[in-house]
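1. Turn this into a model:
(2 chains)
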There are 2 protein chains.
Amino acid sequence: MAEQDAVKFGILGCAEIARKVSRAIRLSPNSTLYAVGSRSVEKAAKFAKDNGFPDSAKVFGGYDAVLDDPDVDAVYIPLPTSMHVKWAVLAAQKKKHVLLEKPVALNVKELDVILEACESHGVQFMDGTMWMHHPRTAKMKEFLNDPQRFGQLKTVQTVFTFAADPEFLENDVRVKPELDALGVLGDAGWYNVRACLWAFDYELPKKVTALPGPVFNKSGVLVSCGASLYWEDGKVATFHCSFLSTLTTDVTAVGTKGYLRLHDFVIPDEEDKASFFTRENPGFAELQRGVVADRNEHVVATDLPQEVKMVMEFSRLVGIIKAEGGKPEKIWPTFSRKTQLVLDAVKTSIEKGFESVELIS
Amino acid sequence: MAEQDAVKFGILGCAEIARKVSRAIRLSPNSTLYAVGSRSVEKAAKFAKDNGFPDSAKVFGGYDAVLDDPDVDAVYIPLPTSMHVKWAVLAAQKKKHVLLEKPVALNVKELDVILEACESHGVQFMDGTMWMHHPRTAKMKEFLNDPQRFGQLKTVQTVFTFAADPEFLENDVRVKPELDALGVLGDAGWYNVRACLWAFDYELPKKVTALPGPVFNKSGVLVSCGASLYWEDGKVATFHCSFLSTLTTDVTAVGTKGYLRLHDFVIPDEEDKASFFTRENPGFAELQRGVVADRNEHVVATDLPQEVKMVMEFSRLVGIIKAEGGKPEKIWPTFSRKTQLVLDAVKTSIEKGFESVELIS
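-> The predicted model follows:
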């Protein structure tokens, strides 16, 4: 792609995660770091300098100025969740494509306002769920879709936890009721829910039931919780997310004939490759003296980190719209919306004392 | 141990699992295959011949005769669960020590009748949960108890599934309402519940809540289900057991500092060694570009299979009672009873539409 065709990104805010995504934009061949806005222009300038923005990059003392710059094609929004609806809608109105950090909204009603704005203004929407874009994810899906090696998916169990320190548990953006009221459910749980939906081909579960035992911080924000999702015919998933346990990011998917697991689904242990493990058609040996199975570790190399792949895919879609006047790809907002629907149902179930919440797609 | 001091086993019935345990008794240096009873003496004789019983072994055309033989020290009872209370109580009354296949009873009320009979007659009781006796299990417990490497246990997730064929799902002993009314919950779920209790040092959960989505066969017996167990402070466990998915026997335990997993907890993949995997004090690398952790595979060798270790431990306890007139070891009936209490609560929760059931120890 010619330099001038690269999608020009403006970044709203200098969140920690914006450092990682700035690097991804820098490494993405069809994207360029064009502008960054912060509440203070000094902070924006420092962020640009620290994160490899080109000297020509614009730095602004506010978010509005980024949206008002006619050369900005797309914005990456890593602001606290409570600010998403305002800034994502404004971005769409200014015809900026929107790469929105997760959780995308505080609830699906807010998200629908964002998605409607994006649709009516013809801009691409995508959330920042990086692991979706790792080539490992496609390879795993091939396995899950294989009727001989995996059969029909029956169960998913997934955990995403990390041990936050006491300061985080009271003061981090992710546990402030006015900034990220979904707490760990919106942060880690987002990934668990996405993993379940991904495995079940984005079919929404019929019922969502929170598990007893959620933990809240002093401000009443969730710091540990879980839920079970129910489809039909014994197809179920459970997840647990927490800021109170050590770093664990596991997915196990069990089918009628095979099984898949991985232990670094959110962020691969290494940048240039990632593994998943399968077992096909296992059975007990004679007298159940062991297990006979075809076991495999699948190592999937990637030329670029998953977050770069994410930016590239987003910019590819933006490029098509820009060049050909095409319509935005709907698959990405659909994935975001389904994830948010399940999150909302978990929250409702907790509020209703762990009653099952029925989902209507 | 001198040959004559070996514990003399009588086996009630010729169930498939009795073949495995007969081998275990044969390989156990402090145990000997002494008698087997079946509904037909021919069947008993064939079983004895096929399973390496010594020529001197007695074969009986009934279970009573085994219990009436004054030289039988202990019985192994692999009969269908609905017959446990009758035969285990009779065995205790005849002063036979009782190694009882799991699930030990259809409910805790029945189990209490068995346990009271064993206690009042001074005989040892143990259930047939083999993995408890693998040296790997003790090694794993060391890790879970390590405050530096593992910290405080927060979460357990466990799955035990295997794919039964249509014939099994309608006609196997384990899914016949008059023989094993607990179905998959008593069979595979027994192991899941035990794993959760084991990990949480046998502290009973405060609440047990069945997960939506249980599946029943045509006779109304469970063939797939799951539950969540709740202790306090965000300490939770979930399990899933099923006859409808491929063979999977996983346990994941997540602590505040470390994490443990294994994928063959019920029956090790190999007889002479077994692995478990740990991760200690993991953290994200700079910019979350990967994960830094101390990862280990722990391989634990065993000179004898876990079921032999089980028989040896049982016979060791029986030997002490025989030689020294000591009292039975209470730890094993306690583990069985707690497991049964949780199973009962899962069943009740399903019957009550997935209401939480409070447990009082």
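2. centre of the chain versus the helix or strand containing A:Val251, how much separation?
-> Here A:Val251 sits within strand A:248-255, counting by DSSP states H and E. In terms of C-alpha atoms, centre = their mean, to the nearest Å, the centre of strand A:248-255 is set 17 Å apart from its chain centre.
3. Repeat that for stretch A:47-55.
-> Between the centre of stretch A:47-55 and the centre of its chain there are 25 Å (C-alpha atoms, centre = their mean).
4. And that stretch, what's buried?
-> Across stretch A:47-55, burial judged by 16 or more other C-beta atoms under 10 Å in any protein chain shown covers A:47-48, A:51, A:53. Heads up, the C-betas are built off the backbone N, CA and C, glycines and all.
5. Tell me the one among those residues nearest to B:Arg39.
-> Taking C-beta to C-beta as the measure, B:Arg39 lies nearest A:Asn51 of the buried residues of stretch A:47-55, at 78.5 Å.
6. can you pull the contacts of the closest one?
-> A:18-19, A:22-23, A:26, A:33 (C-beta atoms under 8 Å, 6 or more residues apart in numbering or on different chains).
7. Need these in a markdown table (columns: neighbour count and distance to chain B).
-> Converted to a markdown table, the contacts of A:Asn51 look like this (neighbours: other C-beta atoms under 10 Å in any protein chain shown; distance: C-beta to the nearest C-beta, whole Å):
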| residue | neighbour count | distance to chain B |
| --- | --- | --- |
| A:Ala18 | 22 | 11 |
| A:Arg19 | 19 | 6 |
| A:Ser22 | 25 | 10 |
| A:Arg23 | 19 | 7 |
| A:Arg26 | 17 | 12 |
| A:Leu33 | 26 | 15 |
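8. The strand holding A:Val251 vs strand B:248-255, what angle?
-> Regarding strand A:248-255 and strand B:248-255, their directions subtend 160 degrees when assessed with axes from the mean of the first three to the mean of the last three C-alpha atoms, to 10 degrees.
9. Beyond strand A:248-255, next helix or strand please.
-> strand A:258-262.
10. is that next one anywhere near chain B?
-> Yes - counting by C-beta under 8 Å from any C-beta of the partner chain, chain B has neighbours in strand A:258-262: A:258-259, A:261.
11. And the contacts of that strand?
-> A:136, A:140, A:143-144, A:146, A:149-151, A:250-253, A:274-282, B:245-246, B:248, B:250, B:263.
12. What helices and strands are in contact with the helix or strand following it?
-> Sequence order places strand A:273-284 as the next helix or strand after strand A:258-262, per DSSP H and E. Applying 3 or more C-beta pairs under 8 Å, 6 or more residues apart in numbering or on different chains; DSSP states H and E, we find strand A:273-284 packed against helix A:135-144, strand A:258-262, strand A:291-301.
13. Let me have these in a markdown table, adding mean pLDDT and distance to A:Asp64 as columns.
-> Shown next, in a markdown table, are these (pLDDT from 0 to 100; distance: least, C-beta to C-beta, whole Å):
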| stretch | mean pLDDT | distance to A:Asp64 |
| --- | --- | --- |
| helix A:135-144 | 98 | 36 |
| strand A:258-262 | 98 | 42 |
| strand A:291-301 | 94 | 42 |
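14. Mean neighbour count, those: which tops it?
-> strand A:258-262 (a mean of 25; mean count of other C-beta atoms under 10 Å in any protein chain shown).
15. Tell me which strands that strand pairs with, and in which orientation.
-> The strands beside strand A:258-262 in its sheet (DSSP bridges) come out as strand A:248-255 (antiparallel), strand A:273-284 (antiparallel).
16. relative to strand B:291-301, how tilted is the shortest one?
-> Strand A:248-255 runs at 60 degrees relative to strand B:291-301, counting by the same axes, to 10 degrees.
17. could you check the angle helix A:135-144 makes with strand A:248-255?
-> Using the same axes, to 10 degrees: strand A:248-255 against helix A:135-144 is 20 degrees.
18. Whether the biggest helix by length in chain A contacts chain B - can you check?
-> Ranked by residue count, the top helix of chain A under DSSP state H comes out as helix A:331-351. No - counting by C-beta under 8 Å from any C-beta, chain B has no neighbours in helix A:331-351; the shortest distance is 10.9 Å.
19. buried ones in that helix?
-> Using 16+ other C-beta under 10 Å as the test for burial, helix A:331-351 gives A:332-333, A:335-347, A:349-350.
20. just the strands in the stretch 101-250 of chain A please.
-> For the stretch 101-250 of chain A, the strands defined by DSSP state E, counting those that start in this stretch cover A:125-127, A:153-161, A:207-210, A:215-216, A:222-230, A:236-242, A:248-255.
21. How much space separates A:Gly10 from A:Glu116?
-> Taking C-beta to C-beta, to the nearest Å as the criterion, A:Gly10 is separated from A:Glu116 by 22 Å.
22. ugh, wrong one, A:Val318
-> When distance is defined by C-beta to C-beta, A:Val318 is 19 Å away from A:Glu116.
23. now A:Ala57
-> 31 Å.
24. Who has more neighbours out of the two?
-> More crowded of A:Ala57 and A:Glu116, by other C-beta atoms under 10 Å in any protein chain shown: A:Ala57, with 22 against 12.
25. gap between that one and chain B?
-> 19 Å (C-beta to the nearest C-beta, to the nearest Å).
26. could I get the strands of the stretch 101-250 of chain A as TSV with distance to B:Lys218, mean pLDDT and mean neighbour count?
-> Shown next, in TSV, are these (distance: least, C-beta to C-beta, whole Å; pLDDT from 0 to 100; neighbours: other C-beta atoms under 10 Å in any protein chain shown):
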stretch	distance to B:Lys218	mean pLDDT	mean neighbour count
strand A:125-127	44	98	28
strand A:153-161	19	98	26
strand A:207-210	24	98	26
strand A:215-216	42	97	18
strand A:222-230	21	98	27
strand A:236-242	21	98	30
strand A:248-255	24	98	26
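27. where in chain A is pLDDT low?
-> Along chain A, segments meeting pLDDT under 70 span A:1-4, A:361.
28. Dead centre of it: give me the residue that sits there.
-> A:Thr129 (2.3 Å; C-alpha atoms, centre = their mean).
29. What are the buried residues along stretch A:263-275?
-> By neighbour count, with 16+ other C-beta under 10 Å as the criterion, the buried positions of stretch A:263-275 are A:263-271, A:274-275.
30. who touches it?
-> With contact meaning C-beta under 8 Å, 6+ apart, stretch A:263-275 is reached by A:130-131, A:134, A:136, A:158, A:160, A:191, A:195, A:248-251, A:262, A:297-303, A:305-306, B:261, B:279, B:284, B:288-291, B:293.
31. Quick check: closest non-adjacent residue to the residue of chain A most remote from its centre.
-> The C-alpha centroid of chain A is most remote from A:Leu287, which lies 45.4 Å away (C-alpha atoms, centre = their mean). Distance criterion C-beta to C-beta, 6 or more residues apart in numbering or on different chains; nearest residue to A:Leu287, sequence neighbours excluded, is B:Lys20 at 4.9 Å.
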